[in-house]
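Asker: please find the sequence and the predicted model below.
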Amino acid sequence: MEIQNPNMDPSLPKAISGKNDVICQFQGFWVLPIFLQGTKQVLEHFKPLPNDVILASFPKTGTTWLKALLYSITNRSSKNLLITTHPHELVPSLELQVYANSSPHFPTPTSSSTRIFSTHMPYQIIGEILNSSDCRIVYVARNPKDTLISYWHFKNSMLLRKGDQPHPLEDFVSKFCEGTVLFGPYFDHVLGYRKEGLERPKKIFFITFEELKNDTNTHVKRLAEFLGCPFEGEDREEQVEEVVRGCSIDTLKSHEVNKSSDVPSWCMMPYNAFFRKGQVGDHANYLTKDMIERIDKLTREKFHGSIFEEKTECSSDTRSSLTSNTAR
């Protein structure tokens, strides 16, 4: 079937993602046509400064939480802005917000000299730009099964808002494993940043959602050291705890700005759509045994055990969590 879209570059390969989204393949990864302009603008015009921090991630891997944490770590005197401002406005996406139009829209300067941006672009596409300066990169990865389920819920929320039927899970699992989802393939996305992080740990801080959830305080301190703004003084543990508490998913979900049903100009979903459970192992409530086996087999083939290893948690359900072998 020929896929038509007025914003689509006819020279790019096309596919159907989700239930009926037309996506195109750009430099080996899949993007929505409406995001392609911003992506090209970033590649042509973005010049990172040495003090810039870039949060990179595949969608639905903990991006919103990391935005809050990174902002609080680097803007401690302004961290209360998280009460009144959504994390996605404090840490804007390069391709979806800053360079979405012909004129870049940079965030309002704060007390910190550090600019923080986010991107879902894979390293294979944006790596040369990021390597043009001494900017630092934080990459968050997440168990592919939990990533898939969070992504599936988000996509279904979009469909329901448009009055469409939800996307069958079995079909979404197939598309995720095939890589034909937005910014996919997932495994190639993770591996691009992982490889560079191992080779240049002072440039790229690679962390998993699971290890951050397991010991948030320790990794917040590590992040602060990596970003050049360590916690200091006799009350440094209290400072860390204040950041962790203020950026917890439950705390963020309680703010009125994050409960808002307003839809920002740069997204098709309301602000409250970016907060769901944030749990480890939630996939066990949705995926069948066959689905899990399919994803696990692919994970072993792609990662060769070098990023994640399976663990069993004792709870009301048998859940799977992932622990990173991240270089310290």
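Answerer: In hand now; what should we look at? Numbers count the residues shown, from 1 in each chain.

Asker: now the helices for the stretch 151-300 of the chain?
Answerer: 169-178, 186-199, 209-214, 216-226, 236-246, 249-254, 256-259, 289-303 (DSSP state H, counting those that start in this stretch).

Asker: mind putting those in a markdown table, mean pLDDT included?
Answerer: Converted to a markdown table, the helices of the stretch 151-300 of the chain look like this (pLDDT from 0 to 100):
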| stretch | mean pLDDT |
| --- | --- |
| helix 169-178 | 96 |
| helix 186-199 | 96 |
| helix 209-214 | 94 |
| helix 216-226 | 98 |
| helix 236-246 | 96 |
| helix 249-254 | 92 |
| helix 256-259 | 89 |
| helix 289-303 | 95 |
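
Asker: and those helices as JSON lines, adding mean neighbour count?
Answerer: Where you see a C-beta, it was placed from the backbone N, CA and C, and this is true even at glycine. Below are these laid out as JSON lines (neighbours: other CB atoms under 10 Å):
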{"stretch": "helix 169-178", "mean neighbour count": "18"}
{"stretch": "helix 186-199", "mean neighbour count": "20"}
{"stretch": "helix 209-214", "mean neighbour count": "20"}
{"stretch": "helix 216-226", "mean neighbour count": "18"}
{"stretch": "helix 236-246", "mean neighbour count": "15"}
{"stretch": "helix 249-254", "mean neighbour count": "15"}
{"stretch": "helix 256-259", "mean neighbour count": "15"}
{"stretch": "helix 289-303", "mean neighbour count": "15"}
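
Asker: can I get those in a markdown table including distance to H153?
Answerer: Output for these, formatted as a markdown table (distance: least, CB to CB, whole Å):
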| stretch | distance to H153 |
| --- | --- |
| helix 169-178 | 10 |
| helix 186-199 | 16 |
| helix 209-214 | 15 |
| helix 216-226 | 23 |
| helix 236-246 | 25 |
| helix 249-254 | 15 |
| helix 256-259 | 17 |
| helix 289-303 | 15 |
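
Asker: mind checking which of these is nearest S103?
Answerer: Each of the helices of the stretch 151-300 of the chain has some distance to S103 by CB to CB; the shortest is helix 256-259, at 26.0 Å.

Asker: what packs against the closest one?
Answerer: Helices and strands touching helix 256-259, by 3 or more CB pairs under 8 Å, 6 or more residues apart in numbering; DSSP states H and E: there are none.

Asker: what does that helix rub up against?
Answerer: Helix 256-259 has contacts (CB atoms under 8 Å, 6 or more residues apart in numbering) with I83, T84, T85, H86, P87, L252, K253, Y271, N272, F274, F275.

Asker: measure the fifth one to E237 for me?
Answerer: In this structure, P87 lies at 24 Å from E237, with CB to CB, to the nearest Å as the measure.

Asker: hmm, who's touching stretch 191-206?
Answerer: Residues outside stretch 191-206 that contact it (CB under 8 Å, 6+ apart): 56, 122-124, 127, 131, 136-139, 141, 222-223, 226, 302-303, 306-307, 324, 326-327.

Asker: mind checking which of those are buried?
Answerer: Among the contacts of stretch 191-206, the ones that count as buried by 16 or more other CB atoms under 10 Å are 56, 122-124, 127, 136-139, 141, 222-223, 226, 302-303, 307, 324, 326.

Asker: from what I can see Q165 touches N156, true?
Answerer: No: look at Q165 against N156 with CB atoms under 8 Å: they stay out of range, at 9.1 Å.

Asker: so those two - more neighbours on which side?
Answerer: Using other CB atoms under 10 Å as the criterion, Q165 and N156 rank with N156 on top: 19 against 9.

Asker: from K14, how far off is the nearest residue to the more buried one once chain neighbours are set aside?
Answerer: With sequence-adjacent residues excluded and distances taken as CB to CB, 6 or more residues apart in numbering, N156 is closest to P166, at 4.2 Å. Distance, P166 to K14, by CB to CB: 23 Å.
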